[in-house]
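K.L.:
3D model of this:
(2 chains)
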Amino acid sequence: MKFEKKRASSSEEIPTASMPDIIFMLLLFFMVTTTMREVQVLVDYKLPNAKALEKIENKRLISYIWVGKGDRIQIDDSIVKVDQIREIMYKKRQELPNIIVSLRVDVGTDMGLVTDIQQELRKAYCLRINYSANVKV
Amino acid sequence: MLRRRRSEEANIPTSSMADIAFLLLIFFLVATVIDVDTGIGLTLPEYIPPEEQKQIEVPKDRMAAILINENSEVLLDGKPISIFQIKNTLKPRIISKISLPKNKKLIVSIKTDRKTVYNAYIQALDQVKLAFFEVRDEYSNGKFGKKFKDLNPEQQKEVKQAVPIIISLAEPEVVTK
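P.N.:
Have a look, this model is predicted:
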């Protein structure tokens, strides 16, 4: 008996012509759903965990304030002092009236500093705030 | 002597197109952030200079005063309590005020020391929010048979009116050095 290798008569190539289109579609999806990383975080912080979380629907309204270890406060790309917050945030609010301030504060920070920041925000009329936190499992 | 030259089929090589698109894709994956921002939302009161502040008496049973000290110990209405008990202690008090008019709902006041750790404050705030959310869920479950987040905007508004979240952050005391 003679064994013969069976070979399919059809061609064996996978068509790759549509590959770029598929990748471009993926690319477009990511471009639409995500936002660009805007700032480099200069402070060291660890967010607290919580359960009663809300999602912020509109990312473009958010302005971040980071408070890291050693009471370092960062807004945008620079480290600022507490008494500078008011001026900076007031300017931001003029550009974006319904601004949401997301406070990314390190777990070990003293409440005194957080209260001071909140007082400055109140003076700058940035009243909508959000304490950033991770989901507690 | 004219001879028509047969032109060869002209084509642009497209095999590297996929690679180029992949590179672009990877660039966008690295340069963007996907994580959704989650956090505890709060609306601060307007700033009123201390000399214009008015003291308003609030009946004792309407207030739930939470005080957190620098060792993360919690007092609720003067009684020591652990942070994780706050939710269950507040819930019956919120429920008992559902049918009362708007100006008689429960106010939760949170006060901290300057030396209190931020984490303790967030945990306490989380408990308070959880208590309100659970009461809202129970109320909407009893009334509409759905959870709060599945209700339509009008029903949500109704539930929000019945169970408003009123959290008051105590005005910080002036520190004298």
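K.L.:
which residues does the spatially most central residue of chain B bridge with?
P.N.:
For chain B, residue B:40 is the residue whose C-alpha lies nearest the centre (CA atoms, centre = their mean; 2.6 Å). Residue B:40 has these beta-bridge partners by DSSP bridges: residue A:131.
K.L.:
for it, give me the pLDDT.
P.N.:
Looking at residue B:40, its pLDDT is 89.
K.L.:
looking at it, it is touching residue B:122, isn't it?
P.N.:
Yes: judged on CB atoms under 8 Å, residue B:40 makes contact with residue B:122 at a distance of 6.9 Å. C-betas here are computed from N, CA, C, even on glycine.
K.L.:
identify the contacts common to these two.
P.N.:
Common neighbours of residue B:40 and residue B:122, using CB atoms under 8 Å, 6 or more residues apart in numbering or on different chains, are A:50, A:131, A:133.
K.L.:
need the contact list for the residue nearest to the centre of chain B.
P.N.:
A:50, A:52-54, A:130-131, A:133, B:122, B:125-126, B:129.
K.L.:
roughly how far does it sit from residue A:52?
P.N.:
Residue B:40 sits 6 Å away from residue A:52, going by CB to CB, to the nearest Å.
K.L.:
ok, and the most crowded of the contacts of residue B:40?
P.N.:
residue A:133 (26 neighbours; other CB atoms under 10 Å in any protein chain shown).
K.L.:
quick check: chain neighbours aside, which residue is closest to it?
P.N.:
Of all residues not flanking residue A:133 in the chain, residue A:50 sits nearest, at 4.1 Å (CB to CB, 6 or more residues apart in numbering or on different chains).
K.L.:
need phi/psi at the one you found.
P.N.:
phi -150, psi 170 (degrees, to the nearest 10).
K.L.:
quick one: pLDDT of it?
P.N.:
89.
K.L.:
how about the one 4 residues further on?
P.N.:
At residue A:54, the model reports a pLDDT of 84.
K.L.:
what of the one 5 residues further on?
P.N.:
Note for residue A:59: predicted pLDDT of 75.
K.L.:
same question, residue A:33
P.N.:
77.
K.L.:
give me the nearest residue to residue B:42, chain neighbours excluded.
P.N.:
residue A:129 is the one closest to residue B:42 (CB to CB, 6+ apart), at 5.4 Å.
K.L.:
and that neighbour, its phi and psi?
P.N.:
phi -120, psi 170.
K.L.:
neighbours of it, how many?
P.N.:
22.
K.L.:
residues contacting it?
P.N.:
A:100-103, A:118, A:121, B:41-44.
K.L.:
may I see the PyMOL selection of the buried members of the residues you listed?
P.N.:
To isolate the buried ones among the contacts of residue A:129 in PyMOL, judged by 16 or more other CB atoms under 10 Å in any protein chain shown, type:
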select buried, (chain A and resi 100+101+102+103+118+121) or (chain B and resi 41+42+44)
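K.L.:
and of the contacts of residue A:129, the nearest to residue B:134?
P.N.:
residue B:41 (16.9 Å; CB to CB).
K.L.:
quick check: the closest one touching residue A:128?
P.N.:
Yes: using CB under 8 Å, residue B:41 is in contact with residue A:128, at 7.4 Å.
K.L.:
so stretch B:153-160, near chain A or not?
P.N.:
No: for stretch B:153-160, no contact with chain A is found by CB under 8 Å from any CB of the partner chain; the gap never falls below 13.5 Å.
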